[in-house]
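1. Mind folding the following:
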Amino acid sequence: MAAYQELKGHRDLKVYQLAYKLAMEIFHASKEFPKEEKYSLTDQIRRSSRSVAANIAEGFRKRQYPKMFISKLADADGEATETQVWLDFSRDCQYLLPARYSELVKGYEEVGKMLGTMMSMPEKFAPRAQRRE
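-> The predicted model follows:
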């Protein structure tokens with residue numbers, strides 16, 4: 001693996017970058033949700049979308065422990081799925097246009113695929129001292 005570039009932090013992970021970007025897009029889109037949704041749908045979708053990125057970051061810091069790393073990535077995947085449910089509600093309540101909904105759901109599907117790949121080979125993300133090169 002001579003071509004491997006050492007990850008300096010969680011911000012170097014493409015999955016983190018995408019999850020963060022999606023959370024920010026949801027934040028901006030949810031500003032347009034009705035005021036009566038402030039303490040329900042708006043809070044829920046913002047919380048779950050932010051939790052995806054947060055769990056990825058936490059997992060990265062625990063990557064020297066493969067089981068903990070996988071557990072945090074599984075938590076991130078669960079939060080991504082929860083976010084998709086809130087996106088479904090947002091679409092069905094007509095708070096999101098269908099095209100915007102589709103873009104966001106597609107993004108979370110990509111996050112899920114990336115997380116699945118990472119969970120299937122945690123050794124690729126271990127700190128350099130623990131990797132077999």
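
2. Just list what the longest helix seen in the chain packs against, helices and strands only.
-> Ranked by residue count under DSSP state H, the longest helix found in the chain is helix 66-92. Here helix 66-92 touches helix 14-30, helix 43-61, helix 98-120, going by 3 or more C-beta pairs under 8 Å, 6 or more residues apart in numbering; DSSP states H and E. Where you see a C-beta, it was placed from the backbone N, CA and C, and this is true even at glycine.

3. most tightly surrounded among those helices?
-> Among these, helix 43-61 has the highest mean neighbour count (mean count of other C-beta atoms under 10 Å), at a mean of 21.

4. ok, and what's touching that helix?
-> Helix 43-61 has contacts (C-beta atoms under 8 Å, 6 or more residues apart in numbering) with 7, 9-10, 13, 15-16, 19-20, 22-23, 26-27, 30, 68-73, 75-76, 79-80, 82-83, 86-87, 90, 108, 111, 115, 125.
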